[in-house]
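1. Sharing a model prediction with you, sequence too.
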Amino acid sequence: MAIGRKLSNYLLLSPAIVLLGIFLIIPLLFDIALSFWTPSLTGYLQIFTWQNYQSLGLPAYQQAIATTFTLSFETVVVTLIFAYPIAYTLAYKVRSPRKQTLILFALVVPFLMDYTTRTISWYPILGLNGLINALLMDLGLTSSPVNLLFNQSAVIVVWFQAYVLFMMTPIFLALSKINPSLVDAARSLGASSWTAFRKVTLPLSAPGMVVGTIYVLVSTVSDFPTVRLFGRGIQTVGLAIAQQADGLNWPFAAALAVLVIVVILGAFYVIIRYVDLQQLF
Amino acid sequence: MKMARDSRRIFLVYTALILAFVYFPLVVIVILSFNNSANIGLPFIGFSLQWYYQPSILANGLGGFLADTGAISALQNSVTVGLIVAVMSTFITVASVLALRRRFRGRTFFFYLILSAFLVPGAIYGLGSLFLFQSLNIPYSVYSIAPVQLVYALPFGLILLLPRFDRELENVEDAARVLGANPLEVFRRITLPLIFYQVIGVFMFSFVISWGELTRSAFVATGVGTLPVYLYTRIQTLAPTPEFYAIGTVVTSVAIALVIAAGLLLSRNQRRLF
């Protein structure tokens, strides 16, 4: 019976294992292998080289790596600051579960919209003859249109819209798991509501903030279409990967990919040493 | 007491403001998709449906969505891929969750394996898939996009379905077992009916994930690809026209309708989503 049960578990998992083995693990192994092979006009030759990693040191790519992590970090901070109060509202200020679900779904929609549409929907707002410029000129704050598109702030605004949900949801989950009597205990021992929040609620919601941070970080690091459409001239690692892949310099694209994976896994490893993420599930 | 009510109001207003910020651009493009002007910005000149159906007059592709053959075949591809992804994701998710609901050696490993598609940045995964297809000489088609999107859809399905297997559900199953039902009967007559709405929710969610996915698909799609790929490819070569807004309006309406339907199903009998 026990053996049959164990077998049935693996049998049930086998479709997922086969799919992920072929279409997730093997592609990642290809990334690693190609990063050590030699570029050629048709893609790659299976000759070992360190050259792709040496190219990562070129000033242009150092710049791109720095820009990528700065942009992603800024997006994480902005989404965290704005998402936390929403999660708090949802967890403590909205009582009916039905309304909670409704607000959650309202936040899901922008992410599920077609990617390009979501992105271009900012053109009529931030563009030269867009809404904000019309408003600024009506108010007499500026005489000629200001270019609000194609800079880092525009990229962050678009990312905020796309990913705020993914910061909010895990924090909401963490907050709803906090036992309310802990806060009550702090209050009855004389803590002000702000102190109780700072010393009890905030630390206990850390796993949620961590999961949200990881998701936003992972998504923005590789989100090249937004950068290409909104950050004209800004180079990020994700965009560089897409461009090198288009230009058939696959081994170099692979080296960039391995670099990002190593950074993300490193960050993940450090984080899970301090915060137990399984609490969330 | 009054203060508590005030603070509640401040929090609710804040949430409403963020929602407004997130939705504002959408409202703007829906309005501008009806603009009688080739300009993608303001002002709104007059109401027109030209960006939805009018055939292209000029050679530069200025025409409506329904007259744009590229957009139409991209739409067909999107529906095909979406259905493949949704069907397969539903079956794989249900099978995986039936195993993962139990405690056994390796459970944590498999749980994180499925979730790890969240941890791999899209461009890196897309690039690896491109290498895989190239080295096996698999030609790009709508079918090559499907498994790539499927890997991305699975963690969402897992998160939606796994929490449904709570204590309450187990009690009902145990009751059926005690009354002499065999495992297959328990699944067919008890488990499946009880998780049915969540399963439909997984189906719809997976379809919508596939419907809007670009970062991964862009690496393994050629030709018109799916709608997001088509739009993204086109916007890089041609100046956008309000046709983009028209397509965006249609695509978004479909996604919103499906998400609302899924939401209604998932919140049936007052169950919490998470």
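-> That came through fine. Residues are numbered from 1 along each chain as shown, chains lettered A, B, ... in the order given.

2. after the biggest helix by length in chain A, next one along is what?
-> When chain A is parsed with DSSP state H, its longest helix is helix A:59-88. Later in the chain than helix A:59-88, the nearest helix or strand by DSSP states H and E is helix A:97-112.

3. average pLDDT for stretch B:137-149?
-> Per-residue pLDDT values over stretch B:137-149 give a mean of 82.

4. before we move on, back to that, which other helices and strands contact the longest helix of chain A?
-> helix A:152-176, helix A:206-222, helix A:237-246, helix A:250-274, helix B:2-32 (3 or more C-beta pairs under 8 Å, 6 or more residues apart in numbering or on different chains; DSSP states H and E). Any C-beta I mention is one placed from the backbone N, CA and C, and that applies to glycine too.

5. Identify all contacting residues around the shortest one.
-> So the one you mean is helix A:237-246. A:61, A:64-65, A:68, A:221-224, A:227-228, A:250, A:252-253, A:256-257, A:259-260, B:121-124, B:127, B:130, B:215, B:218-219 (C-beta atoms under 8 Å, 6 or more residues apart in numbering or on different chains).

6. Dump that helix to PDB, restricted to CA.
-> Taking Å, rounded to 0.1, in the frame of the first residue of the first chain, the C-alpha atoms of helix A:237-246 are listed here in PDB:
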ATOM      1  CA  VAL A 237      21.000  43.100 -19.500                       C
ATOM      2  CA  GLY A 238      17.600  41.700 -20.700                       C
ATOM      3  CA  LEU A 239      17.600  43.900 -23.700                       C
ATOM      4  CA  ALA A 240      21.300  43.000 -24.500                       C
ATOM      5  CA  ILE A 241      20.300  39.300 -24.300                       C
ATOM      6  CA  ALA A 242      17.500  39.900 -26.800                       C
ATOM      7  CA  GLN A 243      19.700  41.900 -29.100                       C
ATOM      8  CA  GLN A 244      22.600  39.400 -29.000                       C
ATOM      9  CA  ALA A 245      20.200  36.600 -29.700                       C
ATOM     10  CA  ASP A 246      18.800  38.400 -32.700                       C
END
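
7. Can you point out the buried residues in it?
-> A:237, A:238, A:239, A:240, A:241, A:242, A:244, A:245 (16 or more other C-beta atoms under 10 Å in any protein chain shown).

8. Over to the first one?
-> Within helix A:152-176, the residues scored as buried using 16+ other C-beta under 10 Å are A:152, A:154-176.

9. so does that helix get close to chain B?
-> Yes: using C-beta under 8 Å from any C-beta of the partner chain, helix A:152-176 comes into contact with chain B via A:161, A:164, A:169, A:172, A:173.

10. For whichever residue of chain B sits closest to chain A, give me its contacts.
-> The nearest approach of chain B to chain A comes at residue B:128, 2.7 Å away (C-beta to the nearest C-beta). For residue B:128, the contacting residues are A:26, A:27, A:28, A:29, A:30, A:31, A:257, by C-beta under 8 Å, 6+ apart.

11. The closest residue to the fourth one other than its chain neighbours: which element?
-> What that stands for is residue A:29. The shortest distance from residue A:29 to any non-neighbouring residue, by C-beta to C-beta, 6 or more residues apart in numbering or on different chains, is to residue B:128 (7.8 Å). Using DSSP H and E, residue B:128 sits in helix B:122-135.
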